[in-house]
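>>> Need coordinates for the below:
(chains A and B)
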Amino acid sequence: MELVTPSIGLVFWTSIAFICLLIILRKFAWKPILGAIHEREQSIDEALNKAELAKQEMARLTSQNQDLMQQARAERDEILKEAKTLKDSILNEAKKQAQVEGAKLIEKAKIEIENQKKAALAEVKDQVSTLSLEIAERVLRTQLDDKTKQEALVANLLKDVELN
Amino acid sequence: MDCNRVFVSKVKRLTIVFTLLIAFLSIKIDTFAQVDSAVVPVDSVVAESAHAASGEHGAEAGHGKEKFEPTKVIMEHIADSHMWHLWGHTSLPLPVILYTPAGLEVFSSAHFHHGEEDYKGTYNTYRLVEDHVKVIGANGQVDEATSVLDFSITKNVAAMFVAILVILIVFISVAGAYKKRVGKAPKGLQSLIEPIIVFVRDDIAKPNIGHKYNKFMPYLLTVFFFIWFNNLLGLVPIFPGGANVTGNIALTFVMALGTLIIVNINGNKYYWKHILLPDVPFWLWPLMVVVEVIGIISKPFALMVRLFANITAGHIIVLSLISLIFIFETLAIAPVSVAFVLFMDVLELLVAFLQAFIFTLLTALFIGMAVEEHH
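From the prediction side, this is the model:
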């Protein structure tokens, strides 16, 4: 029976000791320890969240980069293609223009040549007529020295005129 | 609640192991009691060596040929004492503090010379009768009429102070480590203690109390470590430990009283409504109120008895196993005893933790029931 009878002394000392222990530990141990653990947990949580965010940001940046690269590549292709067509069109136009120009020049030259030819021919005709007139004058002079010959000529000419 | 169920099953298993062990012991003792007379004229050399190896509790058996009484030895250990037995005939005298009607009386227990002499104090003459301080009247007989209150620093009080000192050193140094290493990973003792604190917080306080757990953490942690350290020190067989502190009903009474006060101070209106105006037909009401009021007392009462019985049982079993050597008066049984004691000590390590855990868990559970909001 003595075993299950609490003795007043031990009850008294236990109460005092336990309350003191509770107060001391509460102030000097539990408060700093629990606070530190809580803070550390929070900072770990925060760090993990931040890491997750950074990861997402990284993924976003990577995909953005890829997009940019792709876009740039497409743009470059586009530019190259455009340049090529531009070059082709310029080349074609130049060719066409050159042809047109050449044709024009040729035409001009032809006209010039024709003109020159005409002029030359006219001159030649002029000279030929002058020469022939001179020749004819001289021939006539020599031939028409006598009267009979003059008459024969006139008759001949008249014959020609009739024929015409 | 989950871990609660798990541990209840573990406790059941433990109880079975205890029962089996006790049954085994009783059978053994019975069989040997029958052949006791044959064993008595034992070789004196063996008896002497057994006494030499007896250590602490062999002292009583060492006095000549007197019969060894295991019950007396074990009960002496389980009960409190006014001196702290160290080895052989050496004891540490402890202060005796008496509150008498005439005034306070303080003297050393060494004056009693192990209860063989009376001590004449300022107001009365005192005698140590079975480790209780009694007043001696003028006729030289024990005067039961004069009541003295014994506030002595007994063995259990001293052992408790040692445990408190250890707890303070450990936790204040750990708290210092937290201040020194702000935001860093725990190191050394800190990393040993931190998981246990986090365990108390996350597995005891949070699931049972809910979001208001923070307010009760200091009490729960103090209860847990106070019981655990005292349990562990009780398992140490040499000087600073070895006292049956948590196996003393006075200590468990105070702890349970603390839980009773904490629970009922923090009980909200739902808690009190559940007790005083239970949701039952009116004719059951007087009965239910009585049952609920008994429930207030019976919960901490169970806590008190559980801790007391578990730790005392552990000490009794270990001492019984050691006593076997002296009951049989032969060294041949020593290996068996030591093997069983080793087994029991390992089991007691588990029980030391388990009892601290269960006490704290149930305290948290009762607090949780008292502060629960929804109904």
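
>>> For stretch B:269-284, measure first residue to last.
Distance across stretch B:269-284, first residue to last, is 21 Å (C-alpha to C-alpha, to the nearest Å).

>>> looking only at pLDDT, what's the mean for that stretch?
Averaged across stretch B:269-284, pLDDT comes to 86.

>>> Say whether chain B is contacted by the helix or strand hosting A:Glu57.
Using DSSP states H and E, A:Glu57 falls within helix A:31-143. Yes: for helix A:31-143 and chain B, the contact criterion (C-beta under 8 Å from any C-beta of the partner chain) is met by A:Lys31, A:Pro32, A:Ile33, A:Leu34, A:Ala36, A:Ile37, A:Glu39, A:Arg40, A:Ser43. (Glycine included, C-beta is placed from N, CA and C.)

>>> by contact count, what packs against that helix?
helix A:147-163, helix B:155-180, helix B:189-199 (3 or more C-beta pairs under 8 Å, 6 or more residues apart in numbering or on different chains; DSSP states H and E).

>>> of all these, which lies closest to B:Val236?
Taking C-beta to C-beta, helix B:155-180 is the member of the helices and strands packed on helix A:31-143 nearest to B:Val236, at 9.9 Å.

>>> ok, and does the closest one reach over to chain A?
Yes: on the criterion C-beta under 8 Å from any C-beta, helix B:155-180 is in touch with chain A at B:156-157, B:160-161, B:164, B:167-168, B:171-172, B:174-175, B:178-179.

>>> filter these to the buried ones?
Buried subset of the residues of helix B:155-180 next to chain A (neighbour count, 16 or more other C-beta atoms under 10 Å in any protein chain shown): B:Asn156, B:Val157, B:Met160, B:Ile164, B:Ile167, B:Leu168, B:Phe171, B:Val174, B:Ala175, B:Tyr178.

>>> show me what contacts the nearest residue in space to B:Val293 that is not next to it in sequence?
Sequence neighbours aside, B:Ile275 is the residue nearest to B:Val293 in space, at 6.7 Å (criterion: C-beta to C-beta, 6 or more residues apart in numbering or on different chains). Listed by C-beta atoms under 8 Å, 6 or more residues apart in numbering or on different chains, the contact set of B:Ile275 reads B:Val289, B:Glu292, B:Val293, B:Gly295, B:Ile296.

>>> Filter these down to the buried ones, PyMOL style.
To isolate the buried subset of these in PyMOL, counting by 16+ other C-beta under 10 Å, use the following:
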select buried, chain B and resi 296
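
>>> With secondary structure, pLDDT and distance to B:Ile227 as extra columns, can I get the contacts of B:Ile275 in CSV?
Formatted as CSV, these follow (DSSP: H, G, I helix; E, B strand; the rest coil; pLDDT from 0 to 100; distance: C-beta to C-beta, whole Å):
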residue, secondary structure, pLDDT, distance to B:Ile227
B:Val289, helix, 89, 33
B:Glu292, helix, 90, 28
B:Val293, helix, 90, 27
B:Gly295, helix, 91, 23
B:Ile296, helix, 92, 22
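
>>> Distance to B:Leu192 for the contacts of B:Ile275 - can I get that in TSV?
Formatted as TSV, those follow (distance: C-beta to C-beta, whole Å):
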residue	distance to B:Leu192
B:Val289	48
B:Glu292	42
B:Val293	43
B:Gly295	38
B:Ile296	37
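
>>> Of the contacts of B:Ile275, just say which sits nearest to chain A.
B:Ile296 (19.2 Å; C-beta to the nearest C-beta).

>>> Of all the helices and strands in chain A, which has the lowest average confidence?
Every helix and strand in chain A was compared by mean pLDDT, DSSP states H and E; the lowest is helix A:147-163, with a mean of 80.

>>> Dihedrals phi and psi, A:Leu144?
The phi/psi pair for A:Leu144 (degrees, to the nearest 10) reads phi -90, psi 30.

>>> B:Leu257 belongs to a helix?
Yes: counting by DSSP: H, G, I helix; E, B strand; the rest coil, B:Leu257 is part of a helix.

>>> How about the contacts made by it?
Contact partners of B:Leu257, counting by C-beta under 8 Å, 6+ apart, are A:Ser15, B:Pro300.

>>> circling back: now the residues of helix A:31-143 next to chain B: which count as buried?
A:Pro32, A:Ile33, A:Leu34, A:Ala36, A:Ile37, A:Arg40.

>>> Need the max-distance pair from the residues you listed.
Maximum pairwise distance among these (C-beta to C-beta): 12.0 Å, between A:Pro32 and A:Arg40.

>>> picking that back up, format the buried ones among the residues of helix B:155-180 next to chain A as CSV; extra columns: pLDDT.
Shown next, in CSV, are those (pLDDT from 0 to 100):
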residue, pLDDT
B:Asn156, 91
B:Val157, 92
B:Met160, 93
B:Ile164, 95
B:Ile167, 95
B:Leu168, 95
B:Phe171, 94
B:Val174, 92
B:Ala175, 92
B:Tyr178, 89
